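Colleague: Here you go, sequence then predicted model.
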Number of protein chains: 2
Amino acid sequence: MLRLTQSEENYLKAIFTLSQDAEGAISTNELAEKMLTKASSVTDMLKKLCEKELLEYQKYQGCALTNTGKSHALAIIRKHRLWETFLVDKLSFGWDEVHEIAEQLEHIQSTELTDRLDEFLGFPKVDPHGEPIPGKDGRIESVSNRILLSEAVVGMKGIIMGVEDDQTEFLQYLNKIGLHLGTPIDIVDKLSFDGSIIVNMDGRQIQFSITIAKQISIKPL
Amino acid sequence: MLRLTQSEENYLKAIFTLSQDAEGAISTNELAEKMLTKASSVTDMLKKLCEKELLEYQKYQGCALTNTGKSHALAIIRKHRLWETFLVDKLSFGWDEVHEIAEQLEHIQSTELTDRLDEFLGFPKVDPHGEPIPGKDGRIESVSNRILLSEAVVGMKGIIMGVEDDQTEFLQYLNKIGLHLGTPIDIVDKLSFDGSIIVNMDGRQIQFSITIAKQISIKPL
DNA sequence: GTTAATTTTTAGACTAGTCTAAAAAAAGTT
DNA sequence: AACTTTTTTTAGACTAGTCTAAAAATTAAC
Ligand SMILES: [Mn+2]
Ligand SMILES: [Mn+2]
Ligand SMILES: [Mn+2]
Ligand SMILES: [Mn+2]
């Protein structure tokens, strides 16, 4: 089994994530922005990962993960989400406190550990932010029909199913307004000029900017 | 708080461990052997750690940890032993399977995590190999009067209290002969020419070489 | 379809950590 | 005290990962 450095793993994960919502290849700049690094560093890394056959890369053409690259990425995401679940379920951390720690724990190398942790947690399907946890085989069970809050239409009712997990302040804000997984909401209004969404939640009216609404997913009822 | 690399942390831990049974400063070669590296690499690292005031170092004089260096080392050892305890107590790993994984987990940076893990485990006093777990404050509670099996005298009775944990094969061997923490033994004989010790354990006679006997500690009864 | 702006790659440099080989210091031996 | 052996340090090189600045390729604009 190919042994990867933490940096290589982080690149694979970033490429995988970017590929989730983008069609086709991932550009060097896009990746540089995600990785908080410079394009020249990305080029170097792409060459290396291409050499290891974890992705396909041709000069000026961006990159795309190979199947091997994908399963490595999925293994890291699996670990990340299992550890987040452990921290919240077993050590009573808040959902806003676990991402940074999981960024470290996801690099621990031991399939046995990952699988036993999975079992210890009762084979959870989603992490504390509602994101699906890939199985041992790398398959992600498709989560029930979800849409982004930003795409909801006025009059729709729904239940909070997932939130972006990588900004502590965002999650703390959600805590403050009492939003958590499972919270039911009504879409009351949508401001056409800036895309803001006004929802009714626990009898209160709350207004979300389009930026925020893109970071929350709901299951329409 | 000073941020250390994994390599720096490993050096501090090694120096601390070597200082436990040696008087005075630790020599460059001694450290190189422990770290499975070359003396020249050690010299470079000693300069760096001295610069950061984690240890005292003068050319050709070896090194010794400062108080800051000691508390860093103790924090790492605390994490190592807490994680080993977690793996054995919560994930049902064998005591021969946890050291390598703990070598990785000990570098996770989060005091909050460490302290919550400690609580989750019920504030254990010793790890799965009988080694004491330093507290939050870095203090090691002195473990009850123990001696090395190699120092036991014929006729003595005792209870297995601790074993070295860094050789998988050694621990597997102990599993095979049914030796674990708490096992009572009688010292039956000692061979003067090679230091071998013969003990009675669960009604069976077992012979340990001096090398093995140095890796087992007992509480005399 | 030529020029301008943007993206991407290359070239060269830097740090951390390691290595080998050689020089210097310390310790041991007659 | 002089010579030998061992230990330790220095010097120079290498890899991984990053950076800046400049060159090259692609894309957009006129
Ligand atoms: Mn996360
Ligand atoms: Mn998450
Ligand atoms: Mn251990
Ligand atoms: Mn141990």
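Modeller: Received it, and whenever you're ready, just let me know what you need. Residues are numbered from 1 along each chain as shown, chains lettered A, B, ... in the order given. Ligands and ions are numbered 1, 2, ... in the order given.
Colleague: Chain A: strands as residue ranges?
Modeller: Secondary structure of chain A (DSSP state E): strands at A:55-57, A:63-65, A:147-148, A:157-163, A:184-190, A:197-201, A:204-208, A:216-220.
Colleague: how about the ones you listed in CSV, adding distance to B:Asp118?
Modeller: (C-beta placed from N, C-alpha, C; glycine too.) Converted to CSV, the strands of chain A look like this (distance: least, CB to CB, whole Å):
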stretch, distance to B:Asp118
strand A:55-57, 41
strand A:63-65, 39
strand A:147-148, 40
strand A:157-163, 30
strand A:184-190, 38
strand A:197-201, 38
strand A:204-208, 39
strand A:216-220, 35
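Colleague: So which of those strands is nearest DNA strand C?
Modeller: strand A:55-57 (6.8 Å; CB to the nearest atom of the strand).
Colleague: What is the distance between the closest one and the centre of its chain?
Modeller: 22 Å (CA atoms, centre = their mean, to the nearest Å).
Colleague: Give me the contacts around it.
Modeller: A:12, A:15, A:46-47, A:49-50, A:63-66, A:69 (CB atoms under 8 Å, 6 or more residues apart in numbering or on different chains).
Colleague: what's the answer for stretch A:135-155, then?
Modeller: When contacts are defined by CB under 8 Å, 6+ apart, stretch A:135-155 is touched by residues A:70-71, A:74-75, A:78, A:115, A:118, A:125-126, A:130, A:132-134, A:158, A:161-162, A:187-190, A:195, A:197, A:199, A:208, A:210, A:212-214, A:216-220.
Colleague: Quick one: mean pLDDT for stretch A:202-215?
Modeller: Stretch A:202-215 carries an average pLDDT of 95.
Colleague: Pull the residues that contact it.
Modeller: A:148-150, A:152, A:163-164, A:170, A:177-178, A:183, A:188, A:194-200, A:216.
Colleague: mind listing what the closest residue to A:Asn175 other than its chain neighbours touches?
Modeller: Nearest residue to A:Asn175, sequence neighbours excluded (CB to CB, 6 or more residues apart in numbering or on different chains): A:Asp96, at 6.3 Å. Listed by CB under 8 Å, 6+ apart, the contact set of A:Asp96 reads A:168, A:171-172, A:174-175.
Colleague: how does it look with 7 Å?
Modeller: Going by CB atoms under 7 Å, 6 or more residues apart in numbering or on different chains, A:Asp96 touches A:168, A:171-172, A:175.
Colleague: Check A:Gly158 too.
Modeller: Each residue near A:Gly158 by CB under 7 Å, 6+ apart is listed here: A:152, A:185, A:218-221.
Colleague: ok, now A:Leu171?
Modeller: A:95-96, A:163, A:165.
Colleague: Get me the contact residues on chain A for ligand 2.
Modeller: Proximity of chain A to ligand 2, by CB under 5 Å from the ion, involves residues A:84, A:127, A:129, A:131, A:165.
Colleague: Among those, give me the pair with the biggest separation.
Modeller: Pairwise distances across those (CB to CB) peak at 8.6 Å, for the pair A:Glu84 and A:Glu131.
Colleague: Show me which of the two is the more surrounded one.
Modeller: Shown here are A:Glu84 and A:Glu131; by other CB atoms under 10 Å in any protein chain shown, A:Glu84 has more neighbours (27 against 20).
Colleague: so the more buried one touches A:Asp127, yeah?
Modeller: Yes. Between A:Glu84 and A:Asp127 a contact is recorded at 4.8 Å, counting by CB atoms under 7 Å.
Colleague: is any part of the longest helix along chain A close to DNA strand D?
Modeller: When chain A is parsed with DSSP state H, its longest helix is helix A:67-89. No. Using CB under 7 Å from any atom of the strand, helix A:67-89 never reaches DNA strand D; the gap is at least 13.6 Å.
Colleague: and A:Ala73, how many neighbours does it have?
Modeller: 24.
Colleague: mind listing what it touches?
Modeller: A:12-13, A:16, A:65.
Colleague: Cross-check the residues you listed against chain B and keep the overlap.
Modeller: Applying CB under 7 Å from any CB of the partner chain, the subset of the contacts of A:Ala73 adjacent to chain B is empty.
Colleague: that older thread, which among the contacts of A:Leu171 gets closest to B:Ala32?
Modeller: When the contacts of A:Leu171 are compared against B:Ala32 (criterion: CB to CB), the nearest one is A:Asp165, at 43.2 Å.
Colleague: Tally up the residues packed near the nearest residue to that closest one once chain neighbours are set aside, please.
Modeller: Computed as CB to CB, 6+ apart, the closest residue to A:Asp165 that is not its neighbour in sequence is A:His129, at 3.9 Å. A:His129 has 23 neighbours, counted by other CB under 10 Å.
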